[in-house]
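Visitor: coords please:
(chains A and B)
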Amino acid sequence: MRDTINIDGRNIPFEDGQTIIEAATAAGVYIPHLCHKPGYSPHGSCKLCTVNVNGRNCSACTFPAASGQTVLNNRRDLTEDRQRLTQMLFVEGNHFCPSCEKSGNCQLQAVAYALHMLDNHFPHFYPQREIDASHPEILLERNRCIFCNLCVRASQEKDGKNVFAISGRGINKHLIVNSASGYLKDSDIEIDDQAVHVCPTGAILIKRTGYQIPIGQRIYDHQTISEAALQQECADGE
Amino acid sequence: MANKIRIATTSLAGCFGCHMSFLDLDERLLSLAGQVEFDRSPLTDIEHCGACDIGLIEGGVCNSENVHTLREFRKNCNILVAVGACAINGGLPAMRNHLSLEDCLLEAYRDGIGVENAQIPGDPELPLLLDKVRPIHEIVKIDYFLPGCPPSADVFWTFLTALLEGRDPVLPYELIHYD
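Guide: Residues are numbered from 1 along each chain as shown, chains lettered A, B, ... in the order given. Here you go, the predicted structure:
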């Protein structure tokens, strides 16, 4: 008999070395997340996957599954916490969905929809962020960066490069580019790199492709992120 | 008809797109008109807001007049609603927030392409611009939020019919959009 953890009353098998979110995904249980992506090393920064494990809150994307764990996931108090965290992500950046090419395909927006987020609750910071439009094919729109580190990890772990890093602290934190000039055009990034395609928001975009699919016909316009993520991530895991 | 629900509406730093979307209620407006009466609104041209049940605010706050109008609505409306992206996060007008107000004015009225007889408007009747455009929940307490650019007529309908029937308005997934 395989070891199990219990998530919201349901016994779920896990394998040695799996995190809670990996075991959950394999069993078709969705735990909200932004910085987690199957096949990437965990980062644990967005905290949206916060679950309660045996009485303590922790990140499901970094916490190893272990026999006998009682995990609370789909609970009202955790949903409220996750909504507040998402609101913080919105006010700490400059997220103007009506003018963003990624709208409808954006995971930040989709998580907010799924959490029934109707407002941003907090005062807005309107931080100063630089746009890097130097590359002929790739746009870096730092206003929409949520510091999930996925592009950093993709470049290092998947592309064998080292194009991106996060620099600075607090409201001055920003994504930097590894090139002599600091601009994307002088880096060794290429359009087929995983780092170009992994961004959950509209911070890294491929130019001249943004409106190929009209608003209203996009992934999250009619499908929740939990439905879309389980389809995609279960397929990835097979 | 006595005891109609009174609704006031206004557009602050908005484009009136939310009001246009409200008018997309089309024939449902007739059904609504049986139950509600409009107070201050671009639809009535009433200048100041009287005691109201519901206030619908489109747009964020970009100048001193917006602040006064918003406070007038809060004082007079039992339920105050942020309508649309600009009311909720500043929206498109807030995209000037990464520039200084001086630079915005110089670009628009002195240095921009095609500007003739350059002068920055300074008539004392003009409301003073704020240094940043702000969402309305940063100025007064807001009771409900209707996201969207604009919120669709179905959003208005779902929201208002729930309130009129005494139910707590809940928007289904399909009606929650930020774009």
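
Visitor: where does residue A:17 fall, helix, sheet strand or coil?
Guide: At residue A:17 the chain is in coil, as set by DSSP: H, G, I helix; E, B strand; the rest coil.

Visitor: would you confirm that it contacts residue A:64?
Guide: Yes - contact criterion CB atoms under 8 Å: residue A:17 and residue A:64 qualify, at 7.3 Å. Just so you know, the C-beta spots here come from the backbone N, C-alpha and C atoms, and that holds for glycine as well.

Visitor: so which of the two has more stuff around it?
Guide: Each of residue A:17 and residue A:64 has its neighbours counted (other CB atoms under 10 Å in any protein chain shown); residue A:64 has more, 13 against 8.

Visitor: how about residue B:147, what does it touch?
Guide: A:118-119, B:84-85, B:88, B:176-178 (CB atoms under 8 Å, 6 or more residues apart in numbering or on different chains).

Visitor: and for residue A:126?
Guide: Listed by CB under 8 Å, 6+ apart, the contact set of residue A:126 reads A:94, B:90, B:94, B:97-98, B:132.

Visitor: cool, and residue A:68?
Guide: Contacts of residue A:68 (CB under 8 Å, 6+ apart): residue A:5.

Visitor: please apply the same query to the one 4 residues further on.
Guide: Going by CB under 8 Å, 6+ apart, residue A:72 touches A:7-8, A:51-52, A:78.

Visitor: export the residues you listed to CSV and append columns for distance to residue A:28.
Guide: Converted to CSV, the contacts of residue A:72 look like this (distance: CB to CB, whole Å):
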residue, distance to residue A:28
A:7, 11
A:8, 13
A:51, 16
A:52, 20
A:78, 19
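
Visitor: which one among those residues gets closest to residue A:189?
Guide: Comparing those against residue A:189 with CB to CB places residue A:51 closest, at 34.9 Å.

Visitor: partner strands of the strand or helix carrying the closest one, with direction?
Guide: Element membership for residue A:51 (DSSP states H and E) is strand A:50-53. Paired strands of strand A:50-53, with direction, are strand A:56-59 (antiparallel), strand A:70-72 (antiparallel) (DSSP bridges).

Visitor: got a list of contacts for that strand?
Guide: Contacts for strand A:50-53 (CB under 8 Å, 6+ apart): A:7, A:20, A:31, A:57-60, A:63, A:69-73, A:75, A:78, A:81-82, A:85.

Visitor: ok, of the residues you listed, which come out buried?
Guide: The neighbour-count test (16 or more other CB atoms under 10 Å in any protein chain shown) marks A:7, A:20, A:31, A:58-60, A:63, A:69, A:71-73, A:78, A:81-82, A:85 as buried among the contacts of strand A:50-53.
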